[in-house]
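Participant: Fold the following for me, if possible:
(2 chains)
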Amino acid sequence: MDFDRVREKLNILADAAKYDVSCASSGSNRTNKTKGLGNASKMGICHSYTEDGRCISLLKILLTNHCIYDCAYCVTRKSNDIKRAAFKIQEVVDLTINFYRRNYIEGLFLSSGIFKNADYTMERLVAVAKKLREEENFNGYIHLKSIPGASDELMYEAGLYADRLSVNIEVPTISGLKLLAPDKKHEDFTKPMLKVKNEIVRYQAERKIIRSTPKYAPAGQSTQMIVGASGETDKDIMYSATYYYKTYQMKRVYYSGYVPVADDARLPAIGSQVPMLRENRLYQTDWLLRFYGFAVNEILNKDYPNLDMEVDPKLSWALRNLHHFPVDVNTADKRLLARIPGIGMQSVQKIMDARKFRRLNWDHLKKIGVALNRAQYFMVCDSRHWERRDLDAAKIKGMILQTSSGKFRNQYSTQLSLFN
Amino acid sequence: MNASTTLMYDGSFNGFLTAVFVAFDEKISVADIQKNGRCQNGLFSETETIFTHVEKAKRVWNGIRNKSHNAISNVYFAFLSETEGVEMLLFDYIQKLMRTQNGKYLDYSDSTVLHISQLARKVGREKHRMEAFVRFQLTKDNIYFANIEPDFDVLPLISKHFRDRYADQQWLIYDVKRKYGIYYNLDHVEMVSLNLKDIHHNKIHKSDAFVNGEYEYQTLWNDYFKSTGIISRINPKLHTQHVPKRYWKYLSEKKEAV
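Facilitator: Below is the predicted model of the structure:
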């Protein structure tokens, strides 16, 4: 191994890959049967965290940052004047194996700029995965990027070696895509997604009949959208996310606050703030949709196209729907419990278990870990004390904001600060 | 009047289970269960030393497991937390569990149950952290070696994970705090204790116990760690929340920060 050369390449190609936020190593159940190297941990492991607090669980690199496209939002776009490099297939394999053996990573996340054409690039990505699986007997996690426009045959092969496949949709609206990435077509993104989805469904059906059916992309598919690059509303983003969850059975949709990387009139200027709070609210909404039984049009609709930045989406929904409350935690069903602001799914489960033994009061709920500063206005329990005043939504919101603190508060507070 | 008794055991999990067995078997009113050597006698209680008996321990283990799989892992995890006085809490927990009919004892409004499940969760978190934060370094005799210093005694919990994962390499994970390690010799995992002269922090100065390429890979990893962070999103508070500072000295990517 030519250490200096690999080091230089790694710096360039890891730097270019960092804007991909997906780092999940969970969801795969690949086991180490042959006394080879590695197994996949079902829940995923984050081996380290970057200084911006994101998890590092995979060796996330590009195969190359040469690219034939010129998408405005991307660092590796053709017109950008940056250092270019490309890994050899063997170099990626060696890096992955040696990092994995030292317990630095859960596996490989391989993406690439597009050189020559989509198929040529995809073929290289598949070759890396194939070599890892077949020559190195590697059972760790492999996440491959599906290159937009890659052929069905290659996508099929990719799924045989990879645990997860993903195509980044990047711009949530078709009109935005036309504006920012004029060379790419929407169908190029969805075609590989559809192929992989169909194969996953087919393999799952086959496994029911023949148990030894090989695995096909056991951790499913994911995608990513850039937030705050093309002026879309939260409603646009979440509706399109819901579409991808439903149509392509996505495991995850990631939301990535746009980090300005280019001077372009179509985009926020360099140096403008990354919309981290908005990103956070979108993830909260995503969780409400996937785990709390909310429907997307309850949270975002024609009247409320954007999320409330001051309070979390569940609280904001509750404030708009005060007629559902207060809820009695000792009798309410699971769905309704999950809708009380300040009660998460873990608390819901604990409450369901605990209330079989006795009626719960404030003390019990506090110990279980319910955020009472929010929950107290929306529930009653086994106690003579509950919120009897007829408070309106604005008042409740004010009282909650007063008694709590948030790390993003200074970003949206209209109160001028006395000391800077 | 029934005098209550303080039971003393050898500090092992089997020892503790034997003590539970004896307490149930002889219907002892237990004042406390303590480790040998760090015991403190009560004013009005007698002391009885328990000799570890694997068969008896096994019966208690199976008894709890037949009630609930969740409970047995809670008991084991909470025991490994090494918290002062956890034995009595566990004894109380086991008594309550055995009294139930259906066995699924999940009364989180009971303070013992909640406390045990919280302790077990803490230990579980530490186990998961150790699965993440172990950093192997390849020694000249071809063993992947790592030091750790976990908050709780999690080595018995992580050995299966590492055995399954690194089935084709020899490795050794050494707990510096508790002075023992686990070693995998390509066939099975065994407990070892070492006479470790210097602890291999990821110090700047290099040790010649490791192969030449080792530090090259550490450099590559450190570079990767740096270049994968996005500077315009920097958030040190979140970073230290995920990677608490007490673990930094064993993480090669944080070696400059220590």
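Participant: Name the spans of the stretch 251-400 of chain A whose pLDDT lies under the cut-off.
Facilitator: Within the stretch 251-400 of chain A, no range satisfies pLDDT under 70.
Participant: Strands of that one, start to end?
Facilitator: A:252-257, A:327-328, A:379-380 (DSSP state E, counting those that start in this stretch).
Participant: For those, could you give me a markdown table that also reports mean neighbour count?
Facilitator: For glycine as for every other residue, the C-beta is placed from the backbone atoms N, C-alpha and C. Putting the strands of the stretch 251-400 of chain A into a markdown table (neighbours: other Cβ atoms under 10 Å in any protein chain shown) gives the following:
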| stretch | mean neighbour count |
| --- | --- |
| strand A:252-257 | 23 |
| strand A:327-328 | 17 |
| strand A:379-380 | 22 |
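Participant: For the stretch 101-250 of chain A, which segments count as helices?
Facilitator: Shown for the stretch 101-250 of chain A, the helices assigned by DSSP state H, counting those that start in this stretch span residues A:118-134, A:152-161, A:174-180, A:186-209, A:234-247.
Participant: again, but for the stretch 301-420 of chain A
Facilitator: Under DSSP H, counting those that start in this stretch, the stretch 301-420 of chain A gives helices at A:313-320, A:334-337, A:345-354, A:362-368, A:372-375, A:393-402, A:409-412.
Participant: B:L194: which of these is closest?
Facilitator: helix A:345-354 (40.1 Å; Cβ to Cβ).
Participant: quick one: contacts of that closest one?
Facilitator: Residues outside helix A:345-354 that contact it (Cβ atoms under 8 Å, 6 or more residues apart in numbering or on different chains): A:291-292, A:329, A:334, A:337-338, A:343, A:360, A:364-365, A:368-370, B:106-109.
Participant: Pull the distance from that helix to the chain's centre.
Facilitator: 26 Å (Cα atoms, centre = their mean, to the nearest Å).
Participant: For A:L108, see how far away the nearest residue in space to A:E91 that is not next to it in sequence is.
Facilitator: Using Cβ to Cβ, 6 or more residues apart in numbering or on different chains and skipping the chain neighbours, the partner closest in space to A:E91 is A:V6 (5.9 Å). Using Cβ to Cβ, to the nearest Å, A:V6 is found at 15 Å from A:L108.
Participant: Which of the three states applies to the residue in the stretch 101-250 of chain B positioned nearest to chain A?
Facilitator: Using Cβ to the nearest Cβ, the single residue of the stretch 101-250 of chain B nearest to chain A is B:L238, 3.1 Å away. Following DSSP: H, G, I helix; E, B strand; the rest coil, we place B:L238 in the helix state.
Participant: hang on, it packs against A:C55?
Facilitator: No. With contact taken as Cβ atoms under 8 Å, B:L238 and A:C55 are classed as non-touching, separated by 10.7 Å.
Participant: Not counting sequence-adjacent ones, nearest residue to residue 184?
Facilitator: Chain wasn't specified; assuming chain A. Nearest residue to A:K184, sequence neighbours excluded (Cβ to Cβ, 6+ apart): A:P148, at 6.1 Å.
Participant: The intended chain is chain B.
Facilitator: B:W171 is the one closest to B:Y184 (Cβ to Cβ, 6+ apart), at 5.1 Å.
Participant: Also A:L372?
Facilitator: A:K366 (5.8 Å).
Participant: Count the neighbours of that neighbour for me.
Facilitator: For A:K366, the tally of surrounding residues (other Cβ atoms under 10 Å in any protein chain shown) stands at 12.
Participant: Surely it touches A:A375?
Facilitator: No. Using Cβ under 8 Å, A:K366 is not in contact with A:A375; the gap is 9.8 Å.
Participant: hang on, the earlier thing: hmm, the residue nearest to A:K184 is touching A:F189, no?
Facilitator: Yes. Counting by Cβ under 8 Å, A:P148 does reach A:F189; the two are 5.0 Å apart.
Participant: quick one, which of these two is more surrounded?
Facilitator: The residue with more neighbours, out of A:P148 and A:F189, is A:P148; 24 against 21, by other Cβ under 10 Å.
Participant: list the contacts for the more buried one?
Facilitator: Counting by Cβ under 8 Å, 6+ apart, A:P148 has contacts A:A118, A:V167, A:K184, A:D188, A:F189, A:P192.
Participant: where's the second one relative to A:I61, distance?
Facilitator: Going back to what we said before, that points to A:V167. A:V167 sits 18 Å away from A:I61, going by Cβ to Cβ.
Participant: Which parts of chain B are strands?
Facilitator: B:5-9, B:30-35, B:46-49, B:137-138, B:143-148, B:170-175, B:180-184, B:189-192 (DSSP state E).
Participant: what sits in contact with each of A:P148 and A:F189?
Facilitator: In contact with both A:P148 and A:F189: A:V167, using Cβ under 8 Å, 6+ apart.
Participant: for chain A, what are the nearby residues on the stretch 151-258 of chain B?
Facilitator: Contact residues (Cβ under 8 Å from any Cβ of the partner chain) of the stretch 151-258 of chain B with chain A: B:161, B:164-169, B:213, B:216-217, B:219-221, B:223-225, B:227-239, B:241-243, B:251, B:253.
Participant: out of these, which are inside helices?
Facilitator: Judged by DSSP state H, helices contain the following of these: B:161, B:164-165, B:213, B:216-217, B:219-221, B:223-225, B:227, B:236-239, B:241-242.
Participant: With only the CA atoms kept, save stretch B:178-198 in PDB.
Facilitator: What follows is stretch B:178-198 as a C-alpha-only set of coordinates in PDB (Å, rounded to 0.1, in the frame of the first residue of the first chain):
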ATOM      1  CA  ARG B 178     -10.800  -4.500  37.000                       C
ATOM      2  CA  LYS B 179      -7.400  -6.000  35.900                       C
ATOM      3  CA  TYR B 180      -8.700  -8.800  33.800                       C
ATOM      4  CA  GLY B 181      -9.300  -9.400  30.100                       C
ATOM      5  CA  ILE B 182     -10.900 -11.700  27.600                       C
ATOM      6  CA  TYR B 183      -8.800 -13.500  25.000                       C
ATOM      7  CA  TYR B 184     -10.100 -15.200  21.800                       C
ATOM      8  CA  ASN B 185      -7.700 -17.900  20.500                       C
ATOM      9  CA  LEU B 186      -9.600 -18.600  17.200                       C
ATOM     10  CA  ASP B 187     -11.600 -21.300  19.000                       C
ATOM     11  CA  HIS B 188     -13.100 -20.000  22.200                       C
ATOM     12  CA  VAL B 189     -12.900 -17.000  24.600                       C
ATOM     13  CA  GLU B 190     -11.000 -17.300  27.800                       C
ATOM     14  CA  MET B 191     -10.500 -15.100  30.800                       C
ATOM     15  CA  VAL B 192      -6.900 -13.900  31.300                       C
ATOM     16  CA  SER B 193      -5.100 -11.600  33.700                       C
ATOM     17  CA  LEU B 194      -2.000  -9.800  32.500                       C
ATOM     18  CA  ASN B 195       0.900  -8.300  34.100                       C
ATOM     19  CA  LEU B 196       0.600  -5.100  32.100                       C
ATOM     20  CA  LYS B 197       3.500  -2.800  32.600                       C
ATOM     21  CA  ASP B 198       2.300   0.100  30.500                       C
END
